[in-house]
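>>> Predicted model, plus sequence, below.
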Amino acid sequence: MLYHKRSAVIIKKDGKILLMHRHKFNEEYYTLPGGTIENDENIEQTALREIKEETNLDIVLDKLLWEIEDEHHHGYYFLVKSFSGKLKLGGPELERAKAGNLYNLEWVEIKNLQNILLYPEIIKEKIINLCQK
């Protein structure tokens, strides 16, 4: 598997968090919205671009919460201070979506995070702890 750097965001609203629900060839899981850092971008620019592409939302970043590295990824995770726009799937996710490889944006109740498969798995407890503060 390729090693890549990624920026992702945590968007909260009314006790829920925005996640990308994936159905990928008989596997079902969730991820935070975000994507790969391009050569001409910093981590903040990637977060802003990726969220606009994937969700159609304009976001204002609050702060970098975590930098997490494992054997496959180097992830930067930001908290979103505010957002605006009409939620709508777009970008490469919309273009790649087809039977067997689906992308759905979903507001998931934070209290239900324990019951879902969220990648990277280490992020789940961090989000739960953050939202209990």
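Looks like it came in fine.

>>> contacts, neighbours, all on C-alpha from now
Will do.

>>> show me where this protein has helices.
Ranges of helices within the chain are 43-55, 91-96, 122-131, based on DSSP state H.

>>> For the shortest one, the averaged confidence score.
Helix 91-96 comes out with an average pLDDT of 82.

>>> where does that helix sit relative to the chain's centre, distance-wise?
For helix 91-96, the gap between its own C-alpha mean and the chain's C-alpha mean amounts to 15 Å (Cα atoms, centre = their mean, to the nearest Å).

>>> Could you pull out the buried residues of it?
For helix 91-96, burial by neighbour count (16 or more other Cα atoms under 10 Å) applies to 93-94.

>>> any residues touching that helix, and which ones?
By Cα atoms under 8 Å, 6 or more residues apart in numbering, the surrounding residues in contact with helix 91-96 are 53-54, 102-103.

>>> Among the residues you listed, which pair sits farthest apart?
The distance between the two most remote of these (Cα to Cα) is 16.2 Å, for 53 and 102.

>>> Could you check which of these two is surrounded by more residues?
Of the pair residue 53 and residue 102, residue 53 is the one with more neighbours under other Cα atoms under 10 Å, namely 21 against 17.

>>> Leaving out the residues flanking it, which one is nearest to that one?
Residue nearest to residue 53 in three dimensions, not counting chain neighbours: residue 91, with 4.8 Å by Cα to Cα, 6 or more residues apart in numbering.
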